[in-house]
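**Student:** Need coordinates for the below:
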Amino acid sequence: MTTPDIAARRTLGACAALMVGALTLTACGGSANAKDDEKGGKDATKTSVAKIAISAKDGSTGASINTTGVKVSDGKLTDVKMTVAGSGQAVPGSVSADGKAWKPKEQLERGTKYQISATAKDADGRTAAANSIFTTVSSANSFIGTYTPDNGTTVGVGMPVSFTFDKAITDRKAVQSHITVSSSSGQKVVGHWFNGQRLDFRPQEYWKAGSKVTMKIDLDGVEGANGVYGVQKKTVTFTVGRAQVSTVDARTQTMTVVRDGRTVKTIPISAGSPQHTTYNGQMVISEKFVQTRMNSQTVGLGGEYDIPDVPHAMRLTTSGTFIHGNYWYNKGNPPFGRQGTSHGCVGLADVQGAGGNTPAKWFYDNSLIGDVVIVKNSPDTTVAPDNGLNGWNMPWSQWVAGSSS
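**Tutor:** Numbering: from 1, shown residues only. A predicted model of the protein is given here:
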């Protein structure tokens, strides 16, 4: 038989257990309520009005690598920690001056799992917290465009804006509509798709000398193909330098350099031989090398040559046409200005080691990426518009017809 005292003690014990449970539930309800309890007063039971928003939703698997961050309304952020999930490696970031936003200092990695923990306080000092564990968009489900020219560069008047995408784009209109190219000169700029992975932009005529060109890339989250999304969001600007166009005449074996409408130099050259002619057409300098190796096997010519130190070489086509220095010519009977002896390139007199005061060095030093070299009177065909940055060889009407805008 149970005595009244024992029954009372059991009843009190049960009540105590319920009280402990209630306190435990309150503690799990969030740090905001816990802080309010400490303050006491008539607002002790109110939660923080600060609302934290983490752009990457908890559990998401396609988060942006550019725009992921934290924002707060009706409060200010007090602490944000972002780490690589699993390793715990910290991701540096900074809170805005007004305390309303936080973002990583650098672009996130694709296909990586991250964790964000954020706290904020409202005007009354009440705390709010939020967490998210998410994975950024994978490489398999995203595309990136490698572009030229680079931000902050100065280029020649023939330099197009050229994108090469790492995956085939099927929704060309969606992608092109999120890339805009404009010039301070007011020239109309139109994009042209050469294929599903290459998109170039240019005006009808060469860029105006001294103009500023702005390229806005807003591809983050744009679906370029089924289930494949862009991850780039940036603005790129470059400057167009002086107007230099050099014309190679394969008949006379000379090159005339015209800058800002004035002839500044005429240089003897050696174009392609009758067996290996040079392309005709407008070609744009896309790369410059003080010295580079040239091996005939890389252009399908077998073992005809392998020169490890070709001086002052500037690329004109993807297929291997260069304008470059030549130090291995016959000094007793130099071909420059007399005959074409190259395998399709345009050669200028030079010395081994790329030193000295030579025609090749002068032209190299006075040329920019994006300068135009025109070849005429060669028995070869006109270079294809997509063989290098050479879209100028396509009629404007055809160029516009290849736009998806």
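
**Student:** So which residues of the stretch 101-250 of the chain form helices?
**Tutor:** Ranges of helices in the stretch 101-250 of the chain, per DSSP state H, counting those that start in this stretch, are 172-176.

**Student:** low-confidence ranges in it?
**Tutor:** For the stretch 101-250 of the chain, no stretch is flagged by pLDDT under 70.

**Student:** Measure how buried the nearest residue to residue 315 once chain neighbours are set aside is and give me the count.
**Tutor:** Nearest residue to residue 315, sequence neighbours excluded (C-beta to C-beta, 6 or more residues apart in numbering): residue 287, at 4.1 Å. To be clear about C-beta, it is placed using only N, CA and C from the backbone, and glycine gets the same treatment. Number of residues near residue 287 (other C-beta atoms under 10 Å) recorded here: 13.

**Student:** again with residue 323
**Tutor:** For residue 323, the tally of surrounding residues (other C-beta under 10 Å) stands at 27.

**Student:** Also residue 129?
**Tutor:** 16.

**Student:** State the distance from it to residue 90.
**Tutor:** Here the distance between residue 129 and residue 90 works out to 19 Å (C-beta to C-beta, to the nearest Å).

**Student:** same deal with residue 124?
**Tutor:** For residue 124 relative to residue 90 (C-beta to C-beta), the value is 31 Å.

**Student:** So for these two, which sits in the more crowded spot?
**Tutor:** Neighbours were counted for residue 124 and for residue 90 using other C-beta under 10 Å; residue 124 has more, 14 against 10.

**Student:** how far away is the more buried one from residue 49?
**Tutor:** On the measure of C-beta to C-beta, residue 124 and residue 49 end up 8 Å apart.

**Student:** Check residue 170 too.
**Tutor:** As defined by C-beta to C-beta, residue 170 lies at a distance of 46 Å from residue 49.

**Student:** got the contact list for the residue nearest to residue 315?
**Tutor:** 314-315, 369 (C-beta atoms under 8 Å, 6 or more residues apart in numbering).

**Student:** Repeat the analysis, applying 10 Å as the threshold.
**Tutor:** 148, 313-316, 322, 369, 388 (C-beta atoms under 10 Å, 6 or more residues apart in numbering).

**Student:** Among these, which one sits closest to residue 380?
**Tutor:** residue 316 (12.9 Å; C-beta to C-beta).

**Student:** residues touching residue 97, list them.
**Tutor:** By C-beta under 10 Å, 6+ apart, residue 97 has no neighbours at all.

**Student:** Let me know the secondary structure of it.
**Tutor:** coil (DSSP: H, G, I helix; E, B strand; the rest coil).

**Student:** Could you name every residue contacting both of residue 124 and residue 49?
**Tutor:** Shared contacts of residue 124 and residue 49 (C-beta under 10 Å, 6+ apart): residue 75.

**Student:** hey, where'd the strands end up in the stretch 1-150 of the chain?
**Tutor:** Using DSSP state E, counting those that start in this stretch, the strands of the stretch 1-150 of the chain run over 51-54, 70-73, 76-84, 93-95, 101-104, 113-121, 127-135, 142-143, 145-148.

**Student:** ok, now the stretch 201-350 of the chain?
**Tutor:** Using DSSP E, counting those that start in this stretch, strands in the stretch 201-350 of the chain cover 212-218, 223-225, 228-230, 233-240, 244-249, 254-259, 262-268, 281-284, 287-295, 306-315, 322-326, 346-349.

**Student:** in its sheet, what does the fourth one sit against?
**Tutor:** Sheet partners assigned to strand 233-240 using DSSP bridges are listed as strand 154-155 (parallel), strand 212-218 (antiparallel).

**Student:** Which among the ones you listed is found nearest to residue 114?
**Tutor:** strand 212-218 (23.0 Å).

**Student:** next one: that closest one to chain centre, how far?
**Tutor:** 11 Å (C-alpha atoms, centre = their mean, to the nearest Å).

**Student:** That strand: which residues count as buried?
**Tutor:** Buried residues in strand 212-218, counted by 16 or more other C-beta atoms under 10 Å: 213, 215, 217.

**Student:** can you check stretch 163-180 too?
**Tutor:** Here stretch 163-180 shows 163, 165, 167, 169, 172, 174-176, 178-180 as buried, counting by 16+ other C-beta under 10 Å.

**Student:** Output those as TSV; include the columns distance to residue 75.
**Tutor:** Shown next, in TSV, are the buried residues of stretch 163-180 (distance: C-beta to C-beta, whole Å):
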residue	distance to residue 75
163	42
165	42
167	42
169	42
172	44
174	37
175	39
176	41
178	34
179	37
180	36
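
**Student:** ok, of those residues, which one's closest to residue 255?
**Tutor:** Residue 255 lies nearest to residue 163 out of the buried residues of stretch 163-180, by C-beta to C-beta, at 31.0 Å.

**Student:** in the sheet, who's paired with the nearest residue to the closest one once chain neighbours are set aside?
**Tutor:** Once flanking residues are discounted, residue 163 sits nearest to residue 145: 4.1 Å by C-beta to C-beta, 6+ apart. Note on residue 145: beta-bridge partners residue 165, judged by DSSP bridges.

**Student:** What of residue 245?
**Tutor:** Here residue 245, judged by DSSP bridges, has bridge partners residue 258, residue 372.

**Student:** now do residue 193
**Tutor:** residue 199.

**Student:** check contacts around residue 89.
**Tutor:** Per C-beta under 10 Å, 6+ apart, neighbours of residue 89: 82-83, 114.

**Student:** Residue 368 too?
**Tutor:** 153-159, 240-242, 244, 285, 288, 314.

**Student:** From the residues you listed, list the buried ones, please.
**Tutor:** With burial judged by 16+ other C-beta under 10 Å, the buried subset of the contacts of residue 368 is 153, 155-159, 240-241, 244, 285, 314.

**Student:** All set, thanks.
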